[in-house]
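Visitor: coords below, sequence missing:
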């Protein structure tokens, strides 16, 4: 049952999808702003605990591994046990994790808090999208995805700025501690306004073995990718993690082909739109993380900007891309996602090419970074959220949680790979500028390939064709 179908509670927020979007999207915005706090507070935390950079980096790595490992299981849980319940559980976990980080007497406790934070953020984000998509008609799905992407853009724009200002004034502990009262207020607001709808009836027992194998398999693969720079490609730990991850993931796929309630819903990949949308998410949206890393390294290490100044400079990308993703969603709903993904990908490629051909060690924020950042932000706004929208536009209501999670997994996995490649290129090049040139050239090539693939996307969807697989 969607919010627009008969049977919704009279006068409920479910009868007003825009208000529901404001509630769920607002909660997602406020928690997502905190995502960049660890990047800002990284150096301060190392000084507090007198820890080396490798040790503190596990606060970032542990978060990424946990998020990647639990993304699909969280979507599966949202479909099976109720999206509103998983959404609320995510807020609770994120709030508790923030309190642990703020209180942490040692790096080990801080890492535990970061893992709990990751569990909460993944649960909340995995449930938020299907809650919203279920409340809007099929013809507006790309608009909803774009709107949620716009809130993420706002968070990405203001997160580093707000985080940098708070860390400089009240310290990193106080900054994380602020999440606790914010989380409590969010929880009270959501409990008051968001009705608890019953989950879809499922009579078969869940595949908990598959859930555990998927989480461990994804965690092992992500661990190998994020640590390959320190361990080495031929190191036994790298090879062991990759082999273990592949074996576990193959096991999950085999179980999902025969289990009555699998953790991976493979029939979705029979739909060409979903399949191509996931691939585009991996290529185009996934390339953003590595590109963003290269831009930050240029502004700080290459051009000598402070962390706060770099945060203000890079904010131009999400400030432009966020609102444009909503516009792109409206266009995609009317004319099909390829009408925005193709030009957006080409614009990203142009920005990367301009940057790689003109960047030097001489600081040029206004003459080079600002125009390239604006062009890049326009491309991101048109292409990124539309890739996810292309995947989800034909997924039936009962599978929105797992469908959205599997699509998001493509983007996150692409982001992890792109960061690993960017780190390797920037740190092993003769100088950081040379490495950044290669990174931006690679991004241009990937996005041009994505534009070519997007030409195969279909016209606007008018019905949930994936229902025949359900």
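Guide: Yep, that arrived. It should be emphasised that the depicted structure is a prediction, and the values quoted were computed from it without experimental measurement.
Visitor: Show the low-confidence segments of the stretch 301-450 of the chain, by residue range.
Guide: Segments of the stretch 301-450 of the chain classed as low confidence (criterion: pLDDT under 70) are 307.
Visitor: and the helix or strand containing residue 320, what does it pack onto?
Guide: In this structure, residue 320 is located in helix 316-335 according to DSSP states H and E. Contacts defined by 3 or more C-beta pairs under 8 Å, 6 or more residues apart in numbering; DSSP states H and E place helix 316-335 against helix 141-177, helix 338-358, helix 370-392. For glycine as for every other residue, the C-beta is placed from the backbone atoms N, C-alpha and C.
Visitor: With distance to residue 130 and mean neighbour count added, can I get these in JSON lines?
Guide: Formatted as JSON lines, the entries for these read as follows, by distance: least, C-beta to C-beta, whole Å; neighbours: other C-beta atoms under 10 Å:
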{"stretch": "helix 141-177", "distance to residue 130": "10", "mean neighbour count": "22"}
{"stretch": "helix 338-358", "distance to residue 130": "22", "mean neighbour count": "22"}
{"stretch": "helix 370-392", "distance to residue 130": "9", "mean neighbour count": "27"}
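Visitor: Quick one: those helices as CSV, columns for distance to residue 323 too.
Guide: Formatted as CSV, the entries for the helices and strands packed on helix 316-335 read as follows, by distance: least, C-beta to C-beta, whole Å:
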stretch, distance to residue 323
helix 141-177, 6
helix 338-358, 14
helix 370-392, 7
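Visitor: what's the closest of those helices to residue 288?
Guide: helix 370-392 (6.6 Å; C-beta to C-beta).
Visitor: which secondary structure elements does that closest one contact?
Guide: helix 141-177, helix 272-280, helix 287-297, helix 307-314, helix 316-335, helix 338-358, helix 400-428, helix 432-454.
Visitor: quick one, that helix and helix 400-428 angle?
Guide: Taking axes from the mean of the first three to the mean of the last three C-alpha atoms, to 10 degrees, one finds helix 370-392 and helix 400-428 inclined to each other by 150 degrees.
Visitor: Numbering from 788 from now on, please.
Guide: New numbering, starting at 788: the last item is helix 1157-1179.
Visitor: Return the distance of helix 1157-1179 from the chain's centre.
Guide: Going by C-alpha atoms, centre = their mean, to the nearest Å, the spacing between the C-alpha centre of helix 1157-1179 and its chain's C-alpha centre is 14 Å.
Visitor: Now do it against helix 1103-1122, angle only.
Guide: Our comparison of helix 1157-1179 with helix 1103-1122, counting by the same axes, to 10 degrees, yields an angle of 40 degrees.
Visitor: And stretch 1015-1032, what's buried?
Guide: For stretch 1015-1032, the neighbour count (16 or more other C-beta atoms under 10 Å) marks 1015, 1018, 1025, 1028-1029, 1031-1032 as buried.
Visitor: and which of these is nearest residue 922?
Guide: Checking those against residue 922 by C-beta to C-beta gives residue 1032 as the nearest, at 36.2 Å.
Visitor: Please report phi then psi for that closest one.
Guide: The phi/psi pair for residue 1032 (degrees, to the nearest 10) reads phi -60, psi -40.
Visitor: check contacts around it.
Guide: Residue 1032 sits next to 1003-1008, 1011 when contact means C-beta atoms under 8 Å, 6 or more residues apart in numbering.
Visitor: What's the ChimeraX line that selects buried ones from the residues you listed?
Guide: If you want just the buried ones from the contacts of residue 1032 in ChimeraX, going by 16+ other C-beta under 10 Å, the selection is:
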select :1003,1004,1005,1006,1007,1008,1011
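Visitor: Farthest pair within the contacts of residue 1032?
Guide: Taking every pair in those and measuring C-beta to C-beta, the maximum separation is 12.7 Å, between 1003 and 1011.
Visitor: just to revisit the earlier point, redo the buried residues of stretch 1015-1032 as CSV? Include secondary structure, distance to residue 972 and pLDDT.
Guide: What follows is those, written out as CSV (DSSP: H, G, I helix; E, B strand; the rest coil; distance: C-beta to C-beta, whole Å; pLDDT from 0 to 100):
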residue, secondary structure, distance to residue 972, pLDDT
1015, helix, 41, 77
1018, helix, 43, 84
1025, helix, 44, 90
1028, helix, 40, 91
1029, helix, 43, 91
1031, helix, 42, 93
1032, helix, 39, 89
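Visitor: Which pLDDT does the model give residue 841?
Guide: pLDDT, the model's per-residue confidence, is 63 for residue 841.
Visitor: cool, and residue 788?
Guide: For residue 788, the model assigns a pLDDT of 37.
Visitor: likewise the one 3 residues further on?
Guide: In this model, residue 791 is scored at 39, pLDDT.
Visitor: for residue 877, same thing?
Guide: Confidence score, pLDDT, at residue 877: 92.
Visitor: How about the one 10 residues further on?
Guide: According to the predicted model, the pLDDT of residue 887 comes to 94.
Visitor: Is it in contact with residue 900, as I believe?
Guide: Yes - using C-beta atoms under 8 Å, residue 887 is in contact with residue 900, at 3.2 Å.
Visitor: From the neighbour counts alone, determine which of those two ranks first.
Guide: Neighbours around residue 887 and residue 900, counted as other C-beta atoms under 10 Å, are more numerous at residue 900. The numbers are 23 against 19.
Visitor: can you give me phi and psi for residue 893?
Guide: The phi and psi values for residue 893, taken as degrees, to the nearest 10, are phi -150, psi 170.
Visitor: Which residue comes closest to it once chain neighbours are left out?
Guide: Residue nearest to residue 893 in three dimensions, not counting chain neighbours: residue 836, with 6.8 Å by C-beta to C-beta, 6 or more residues apart in numbering.
Visitor: if I pick residue 1011, what's in contact with it?
Guide: With contact set as C-beta under 8 Å, 6+ apart, residue 1011 has these partners: 1024-1025, 1028-1029, 1032.
Visitor: Many thanks, I have nothing further to ask.
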